[in-house]
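In: the sequence isn't on hand, but the structure is:
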């Protein structure tokens, strides 16, 4: 059984003001939420597009800066190589040239020149020098590359240039014993014509520190969460937000470490010299990042600029929470106004509802509230009062009519029972519905024995000898009248009594519902024992 508190709450939520306020809240809230959501999506799309433009510009800035520095170093090495090809050189001149280059090129950390055997001096097996900056400002260190601990002719950078005869960019490495920093080397072959063939006779290389690349990446940051990743052609990390990954990791190992296969896919795009952008979720940090990537033109390195998308949406999401709170407060205030106004407007309906319940329980003497307002509610109250009075008068009239009908039926039954002729009341379904006492006296049937019995078993026309009594049944169904027709009544003991039949149809609202058959026997039968 529901408690009183539950009943009160149920009545509160079922009241018209509360339901009206609920519908207004639902419709208004849904409309405002839809408009807010459309606006939110549009603003977030604009913010994402702005962030993507900034990331693309930052990527272009890093790549352009990278190509500018690396391209300048490669052009310098090519220029020196071409300059040394066409003139005779001595060991002292080569060393002086390397030192002068260090004085002129502030962006170069080291410069080396090395030759094939006995090229400069027949008495000298091999010649090569490496001049690099020292930790003391404006001081240089010169190393003999032909020394046993250097043996430049066995070094990969020298052998690859001599074998290929093309400029070669090295992988990033730590220049131990040199500038003691992470560097990269561009090596360019020196060629001469020997027997009508141009063959490599040495290599000129420029060594560049990578600290400037970190400064370039920092200068290209456009948000708190943006970061730059630069990797070489083989995938070795040159720049990464985590300094411990530089040189020690590759883009493939980083993709495996962070469970981000998108990084490995980016490297494949860089190798194919394609640029682009993509968005993915970092499983470890649980954040969605957007990255732009582009290959460099000079060394074939790849540049990735990434950022956390949530950073650009945090202000929008904060505004969304404020808007949601404001919307909720506005809807609650609107609900209070609606409930207050509707309750005041519909307060007279409660007594009318109570009066309607009384009328539904046939209490037409109930009290109808007085009319206090000349509006729709007042007119409804007057109409309700008039309806009650009309129902009261109609109820009195129906009660009188019912009493009159009851008396009439009683009198009709008395009349039918007093008739000496045989009377059968027949339904439209051709069954006997009632008989009078004359039938019992003449044919021996009791009402219980013949009521609901097909009329053809007891009564039929003399012209219809079949046991079905189809002619009489058809006349009842069609509502036809029969007057003074010869008929036969089959008594209970099988005796056939000849009679004259008159059939009058019974109608209700123009439709045939049955018939009354009266029979006058041709001879008076002897009374039957009961």
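Out: Right, received. Where do you want to start? Computed from a prediction, not measured in an experiment: that's the story for all the values here.
In: report the central residue of the protein.
Out: residue 37 (12.7 Å; CA atoms, centre = their mean).
In: tell me the average confidence for the strand or helix carrying that residue?
Out: Using DSSP states H and E, residue 37 sits in helix 16-85. Here helix 16-85 scores 83 as its mean pLDDT.
In: same check, this time on stretch 457-471
Out: Here the average pLDDT along stretch 457-471 is 72.
In: what are the ranges of the helices in the protein?
Out: Taking DSSP state H, the helices of the chain run over residues 4-14, 16-85, 91-104, 156-164, 211-219, 251-257, 261-271, 309-346, 349-360, 376-418, 437-443, 447-450, 470-478.
In: pick the most buried one from the ones you listed.
Out: Greatest average neighbour count among the helices of the chain goes to helix 437-443 (a mean of 20), per mean count of other CB atoms under 10 Å. Where C-beta positions appear, they are placed from N, C-alpha and C, glycine not excepted.
In: by contact count, what packs against that helix?
Out: Helix 437-443 sits against strand 422-427, strand 482-490, with contacts defined as 3 or more CB pairs under 8 Å, 6 or more residues apart in numbering; DSSP states H and E.
In: need the ones you listed in TSV with mean pLDDT and mean neighbour count, can you?
Out: As requested, these are exported to TSV (pLDDT from 0 to 100; neighbours: other CB atoms under 10 Å):
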stretch	mean pLDDT	mean neighbour count
strand 422-427	87	21
strand 482-490	88	17
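In: where does the stretch 251-400 of the chain dip in pLDDT?
Out: Across the stretch 251-400 of the chain, the ranges flagged by pLDDT under 70 are 314-320, 343-350, 364, 372-373, 376, 395-400.
In: now residue 264. Nearest residue, chain neighbours left out?
Out: residue 255 (4.3 Å; CB to CB, 6 or more residues apart in numbering).
In: can you give me the distance of that neighbour to residue 249?
Out: 10 Å (CB to CB, to the nearest Å).
In: and residue 154, by the same measure?
Out: Counting by CB to CB, the gap from residue 154 to residue 249 is 28 Å.
In: between those two, who's got more neighbours?
Out: residue 249 (18 against 8; other CB atoms under 10 Å).
In: verify the stated contact: the more buried one with residue 235.
Out: No - taking contacts as CB atoms under 8 Å, residue 249 lies outside contact range of residue 235: 9.1 Å.
In: can you list the domains in this protein?
Out: Domain ranges of the chain: 68-210, 213-312, 351-409, 419-521, per automatic domain parsing.
In: residue 47: which of the ones you listed is closest?
Out: Closest of the domains of the chain to residue 47 is domain 213-312, at 4.9 Å (criterion: CB to CB).
In: centre of the chain to that closest one, how far?
Out: 32 Å (CA atoms, centre = their mean, to the nearest Å).
In: mind checking the end-to-end distance for it?
Out: 26 Å (CA to CA, to the nearest Å).
In: quick revisit: could you check the angle the helix holding residue 37 makes with helix 91-104?
Out: 150 degrees (axes from the mean of the first three to the mean of the last three CA atoms, to 10 degrees).
In: quick one: end-to-end distance for stretch 369-382.
Out: End-to-end for stretch 369-382, by CA to CA: 9 Å.
In: ok, now which ones touch residue 132?
Out: Contact analysis of residue 132 by CB atoms under 8 Å, 6 or more residues apart in numbering lists 102, 109-111, 140-141, 143, 175, 178-179, 207.
In: show the buried residues in those.
Out: Buried by 16 or more other CB atoms under 10 Å: 102, 109-111, 141, 143, 175, 178-179, 207, out of the contacts of residue 132.
In: pick out the most distant pair among those residues.
Out: Those two in the buried ones among the contacts of residue 132 that are separated most widely, counting by CB to CB, are 102 and 175, at 14.5 Å.
In: now the residue nearest to residue 264: how far from residue 268?
Out: For residue 255, the distance to residue 268 - CB to CB - is 11 Å.
In: now distance to residue 58 too, for the domains of the chain, in a markdown table please.
Out: What follows is the domains of the chain, written out as a markdown table (distance: least, CB to CB, whole Å):
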| stretch | distance to residue 58 |
| --- | --- |
| domain 68-210 | 16 |
| domain 213-312 | 4 |
| domain 351-409 | 68 |
| domain 419-521 | 91 |
